[in-house]
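Participant: I'd like to go over a predicted model; first the sequence, then the structure.
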Amino acid sequence: MQEIIFIDGGSLPTPEGLTREWVKAAAENRNEDEKLFSMIREAFRRKIDVGVHVPTYPQFRDKIGQFLDIIKNEKNCYEPYVLKEENAKILELEIIDEVAKQYREETGETLEVRVCVAGPTDLYLQAFGTMAFADAYHILALDIENFIKQAFKTAKNFKIKVVALDEPSLGINDRIQLSDADMISALTLASTYARKQGADMEIHLHSPLKYKLVCETPINVIGFEYAATPSYMDILDRKVLEDSDTYIRLGVSRTDVSSLIGIVNEKYGVNAWKEKEYMQKIVTELETPDVVKMRLEKASSILGGRIKYASPDCGLAFWPDQDLAFKLLENTAKGINAFNAERSANKFD
């Protein structure tokens, strides 16, 4: 049985003294490139250093806005929302290429990277609301395909192993009036190119309620938030996954930081938002390597070899600080590595 690969969601808190608003302005205006590039490269290096097997480019901007702002700018389009491929660029991928080059020089290996883009459904909801305009939905899916094409062209010193569509609304927002057939068509348009390049195509969901719909598309990895909601496992039918050759990216560490802080507050009778030393309890008592390993063991007993990737449930953008976020990534790495080591040892018993 293959080892579980550790990937991360992408987003992180900004370093102390910088805001997401500053990052957005710096990325758009390109007037503080040295400071911006340094921040992103340092965060990417730290992801590698704490043990993420296939790191995602560090994301400090709004996931939907980062893509939709480019799409809505008429200068980037042939006509409204019809994006020119050459303008469908992810700046962060250009920035991390330097780190990947250094990694290859130091290790002799090519770094594998995960690329995350906003999915067509979440983009559509932001741009058009819940009313059904199937043509516009499919245009957005083709725009996403253009971002993915440009990502592969940008990857000079690294290999794109996973491309992920971020679609948290799918299976959560029941007001979407688009049909299942429209969704299958749009997800197919957005995911075909990456699969042809040999990359795994992931969809990041919060809930796997729509997983059978996803299994009808070229997407071959479904990610969902198992750590915070273990009952989501009950939704999945292993045979459906096997018949469609679909794998799982399992959330094995919780990222709902407000809930985690609430647990700490209740246990110790404190306000950890103010008495910040208590926040460490999240990574020393709650989300520990042993807990991560235990979650993987339980899920593996149900899904077996269908679990290909593991990660935190979601991104870490709104965690209190970077150090705490990286400690969660480190604990997640240790738990996944311990699970892999034990399973490998048992294979030879």
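Facilitator: Yep, that arrived.
Participant: contacts and neighbour counts: CA atoms only from here.
Facilitator: OK.
Participant: Give me the phi and psi angles of Met131.
Facilitator: Listed backbone geometry of Met131 is phi -70, psi 150, with angles given as degrees, to the nearest 10.
Participant: For it, which non-adjacent residue is spatially closest?
Facilitator: In space, not counting the residues next to it along the chain, Met131 is nearest to Gln177; the distance is 5.8 Å by Cα to Cα, 6 or more residues apart in numbering.
Participant: Which residues does the helix or strand of the chain with the lowest mean pLDDT contact?
Facilitator: Least confident helix or strand of the chain, by mean pLDDT, DSSP states H and E, is helix 120-128 with a mean of 92. Residues outside helix 120-128 that contact it (Cα atoms under 8 Å, 6 or more residues apart in numbering): 64, 68, 136-138, 140-141, 144, 166-170, 176, 183, 186-187, 190.
Participant: any idea which element Gly223 lies in?
Facilitator: Gly223 belongs to strand 221-224 when assigned by DSSP states H and E.
Participant: Show me the helices in the stretch 101-250 of the chain, by range?
Facilitator: Counting by DSSP state H, counting those that start in this stretch, the segments of the stretch 101-250 of the chain that form helices are 120-128, 134-154, 180-196, 211-214, 238-243.
Participant: Just the buried ones from the contacts of helix 120-128?
Facilitator: Taking 16 or more other Cα atoms under 10 Å as the criterion, what is buried in the contacts of helix 120-128 is 64, 68, 136-138, 140-141, 144, 166-170, 176, 183, 186-187, 190.
Participant: separation between the closest residue to Asp180 other than its chain neighbours and Ile71?
Facilitator: The shortest distance from Asp180 to any residue other than its chain neighbours is 7.1 Å, reached at Leu213 (Cα to Cα, 6+ apart). In this structure, Leu213 lies at 26 Å from Ile71, with Cα to Cα, to the nearest Å as the measure.
Participant: between the two, who's got more neighbours?
Facilitator: Just comparing Leu213 and Ile71: by other Cα atoms under 10 Å the higher neighbour count belongs to Ile71, 23 against 14.
Participant: Could you pull up the mean pLDDT of the strand or helix carrying the more buried one?
Facilitator: Taking DSSP H and E as the definition, Ile71 sits inside helix 63-72. Per-residue pLDDT over helix 63-72 has a mean of 94.
Participant: That one: which residues count as buried?
Facilitator: By neighbour count, and taking 16+ other Cα under 10 Å as the criterion, the buried residues in helix 63-72 are Lys63, Ile64, Gln66, Phe67, Leu68, Ile70, Ile71, Lys72.
Participant: As JSON lines, these with distance to Lys35 would be great.
Facilitator: Compiled in JSON lines, those are given as follows (distance: Cα to Cα, whole Å):
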{"residue": "Lys63", "distance to Lys35": "21"}
{"residue": "Ile64", "distance to Lys35": "23"}
{"residue": "Gln66", "distance to Lys35": "19"}
{"residue": "Phe67", "distance to Lys35": "22"}
{"residue": "Leu68", "distance to Lys35": "24"}
{"residue": "Ile70", "distance to Lys35": "22"}
{"residue": "Ile71", "distance to Lys35": "26"}
{"residue": "Lys72", "distance to Lys35": "27"}
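Participant: what's Ile219 in contact with, if anything?
Facilitator: Listed by Cα under 8 Å, 6+ apart, the contact partners of Ile219 are Leu187, Thr188, Ser191, Arg195, Asp200, Met201, Glu202, Ile203, Thr246.
Participant: Columns distance to Ile235 on top of those, output as JSON lines?
Facilitator: Formatted as JSON lines, the entries for the contacts of Ile219 read as follows, by distance: Cα to Cα, whole Å:
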{"residue": "Leu187", "distance to Ile235": "21"}
{"residue": "Thr188", "distance to Ile235": "23"}
{"residue": "Ser191", "distance to Ile235": "24"}
{"residue": "Arg195", "distance to Ile235": "26"}
{"residue": "Asp200", "distance to Ile235": "23"}
{"residue": "Met201", "distance to Ile235": "21"}
{"residue": "Glu202", "distance to Ile235": "18"}
{"residue": "Ile203", "distance to Ile235": "16"}
{"residue": "Thr246", "distance to Ile235": "15"}
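Participant: Can you flag the buried ones in the residues you listed?
Facilitator: The neighbour-count criterion (16+ other Cα under 10 Å) marks Leu187, Thr188, Ser191, Asp200, Met201, Glu202, Ile203, Thr246 among the contacts of Ile219 as buried.
Participant: what's the pLDDT at the residue nearest to the fourth one when sequence neighbours are not counted?
Facilitator: Ranked by Cα to Cα, 6+ apart and with sequence neighbours excluded, the top spatial neighbour of Asp200 is Val162, at 4.7 Å. Predicted confidence (pLDDT) at Val162: the value is 97.
Participant: So in terms of bridging, what pairs with Val162?
Facilitator: Beta bridges link Val162 to Arg114, Asp200, judged by DSSP bridges.
Participant: Distance check, it against Glu74.
Facilitator: With distances taken as Cα to Cα, Val162 is found 30 Å from Glu74.
Participant: for this protein, which spans come out with low pLDDT?
Facilitator: With pLDDT under 70 as the threshold, the chain has low-confidence stretches at 1, 348-349.
Participant: mind running it again at 90?
Facilitator: In the prediction, the chain carries residues with pLDDT under 90 at positions 1-2, 128-134, 169-179, 206-207, 209, 276, 304, 343-349.
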